[in-house]
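Colleague: what's the 3D shape of this:
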Amino acid sequence: MSEAGTSEVPARILLVEDSETQALELRLLLEAHGFAVERCASAETALDHLNRSQPDLVVADYHLPGMNGDELIRQVRLSLRTRALPVLMLTGGSGGERQGLESGADAYLPKSADRDLMILRIRALLRERRPTTDGEGPGAAAFRRGRVLVIDGSATYRTFLAGVMGQDGHHVASVDGPEAALAALDAAAGDEAFDCVTVDLLGHAYDGLALCRAISQRRSGQAAGAGFHLVGIAGSDPAKDFLVEAYAAGADDVVSKTDAEVLALRVRGFVRRRLLEEDDRRIAGQFGERERAVERARAEAEAAEARARLADALERANRDLADANRQLTEAQSKLVQAAKMASLGELVAGIAHEINNPLAFILAHQGTVERLLGELPDAAPEAAARAIDKARQRVGSMRMGLTRIQDLVLNLRKFSRLDEGERALVNVPEAIETVLALIQHKLGERIAVERSFAGRAEIHCTPALLNQVVMNILGNAADAMPQGGTIRITTQSNPELDEIRISDTGPGIPDTLREKIFEPFFTTKPVGSGTGLGLAIAYSVVQAHSGSLTVETAPGGGACFVIGIPRQAASA
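Modeller: Numbering: from 1, shown residues only. Prediction:
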């Protein structure tokens, strides 16, 4: 606890005084020195006040109506909450100091004492007051005896003080001068630290006030109240100026050398309060640890419950996601099937056109052959020979048309077989030639096709890779060159990758559209001329092979689609 006047929050003092006049005088004195004062007129009302709020210090008159001041202090010392509270006893009668200190008061002053000395005693009590903090851990539960250091140049008096204080059960160490005293203080630490130090302020072998200041500096770096209690021993009737110097040097109390019994009582009171404070911190630490354990258990239970709720929510989300993914897969399958049907419809229409042309002149030649054969019985030999020769030419033309139809049917059978979903060894040049034959109606004579099959002849993949992907890219290339042009198909291989590059001499694809061409339903064709799924399906097929499908600018300025299939993925 900081002294009044040095802290933003003034120290709170509870004044227990039944006399209105003396209570007003003391209140004005204390408030003039920066303390916050609350007053009770009896011990009973003081106990009720302590149940509501705990001050930093109690100043109590010994003579009170009803319960006396000494009984009030005993009640305060019996309560766990207030038993370490500093108490200053005031009395106007003789012999009151013994009664006050024996009842548990920390200090005693007659009401007639100098008011400056009263303020000094109050500040000393507040200075050594150790506030209770929640963060302190539990102390040792075993009983601990007080440790006292006696500093006096007289061996006789040191022995006398050690005997008087030893009767109270304290461990007493005695030294004869500053060097030994400071060495003892430096060596004492932890459980061996001193609770109280007495120093003879009038010693002839050393400067008592200087030693008092040096000893006070030893505890200046410690927390408030953590250090020892420093008691100065003076003559039988020290002057006020000397007392002021002693308190300024760091003394917490000044006792006459001729009254050793009072000195023992004061030391006993301080050590008792010191041990009670340690017990308070130990108990508070144990309760705090228990509360922290309960909080940890509660937090763990809440965390477990939250994890369970999160797991349930995650499971529901996974189910919803699985349902959505299944619906999306079904919708995608339907879209792919629709695109395949649209592509198949276009393919069938082209093949029907390719079959219709040879079939038309086969039927026409068949009528001519029948007519010529019908004229043979009545024809002259020369005319019959010419008719037979002409019929033979027409039959040859009919054979060429039937061969063309046979090739188309054969390629269509190959195309149907290549649409299977299992991986197999696929002959790349043969598969590409089959696709070219099936879309020959789109290429016609206006589009030339250049081939360069420098890569591996066979790769391990699903037939759809060359069926659907290559056909869609070639069909788009043909649509991009309505006035004619050139399509270049090249294959190349390296130890890690097989590539198929399909480029055209069309207008190409603008940079702003290259990121969109693989999106479903995106198309640059007029409405009704395309579904926008061709390249999206091709992209998904290549991805299924852990490959890549990219587009770049061809050397002639058109578009170049690059199909890359990793060998390790293709051979899986």
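Colleague: which residues in the stretch 301-450 of the chain form strands?
Modeller: 424-427, 447-453 (DSSP state E, counting those that start in this stretch).
Colleague: these: which one's closest to residue 124?
Modeller: Checking the strands of the stretch 301-450 of the chain against residue 124 by C-beta to C-beta gives strand 424-427 as the closest, at 100.1 Å. C-beta: built from backbone N, CA, C; applies to glycine.
Colleague: so which elements touch the closest one?
Modeller: strand 458-461 (3 or more C-beta pairs under 8 Å, 6 or more residues apart in numbering; DSSP states H and E).
Colleague: quick revisit: now the strands of the stretch 301-450 of the chain in TSV, with distance to residue 398 and mean neighbour count?
Modeller: Output for the strands of the stretch 301-450 of the chain, formatted as TSV (distance: least, C-beta to C-beta, whole Å; neighbours: other C-beta atoms under 10 Å):
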stretch	distance to residue 398	mean neighbour count
strand 424-427	32	14
strand 447-453	29	14
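Colleague: in TSV, list those along with distance to residue 503 and mean pLDDT.
Modeller: Below are these laid out as TSV (distance: least, C-beta to C-beta, whole Å; pLDDT from 0 to 100):
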stretch	distance to residue 503	mean pLDDT
strand 424-427	22	83
strand 447-453	9	91
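Colleague: the residue nearest to residue 161 when sequence neighbours are not counted and residue 10: what is the separation?
Modeller: Spatial nearest neighbour of residue 161, chain neighbours left out: residue 150 (4.9 Å); criterion: C-beta to C-beta, 6 or more residues apart in numbering. Distance check for residue 150 against residue 10: by C-beta to C-beta, to the nearest Å, it reads 36 Å.
Colleague: now swap in residue 196 and tell me
Modeller: From residue 196 to residue 10 the distance is 28 Å (C-beta to C-beta).
Colleague: who has more neighbours out of these two?
Modeller: residue 196 (24 against 18; other C-beta atoms under 10 Å).
Colleague: so what pairs up with the more buried one in the strands?
Modeller: Residue 196 has these beta-bridge partners by DSSP bridges: residue 148, residue 229.
Colleague: residue contacts, it?
Modeller: Counting by C-beta atoms under 8 Å, 6 or more residues apart in numbering, residue 196 makes contact with 146, 147, 148, 149, 228, 229, 230, 231, 267, 270, 271.
Colleague: got a pLDDT number for it?
Modeller: pLDDT for residue 196: 88.
Colleague: begin at 29 from here
Modeller: Renumbered: residue one is now 29, and that last one reads residue 224.
Colleague: returning to that earlier point: just give me the neighbour total for the residue nearest to residue 189.
Modeller: Using other C-beta under 10 Å, residue 178 has 26 other residues around it.
Colleague: could you do the one 4 residues further on as well?
Modeller: Residues lying near residue 182 (other C-beta under 10 Å) number 15.
Colleague: thinking again about what came up before, confirm the residue nearest to residue 189 sits in a strand?
Modeller: Yes. Under DSSP: H, G, I helix; E, B strand; the rest coil, residue 178 falls within a strand.
Colleague: per-residue pLDDT, it?
Modeller: Residue 178 is given a pLDDT of 91.
Colleague: separation between it and residue 101?
Modeller: On the measure of C-beta to C-beta, residue 178 and residue 101 end up 28 Å apart.
Colleague: state the mean pLDDT of the lengthiest helix in the chain.
Modeller: Looking across the chain with DSSP state H, the single longest helix is helix 288-403. Averaged over helix 288-403, pLDDT sits at 77.
Colleague: now do residue 197, the pLDDT please.
Modeller: So residue 197 comes in at 64 (pLDDT).
Colleague: please apply the same query to residue 483.
Modeller: At residue 483, pLDDT is 90.
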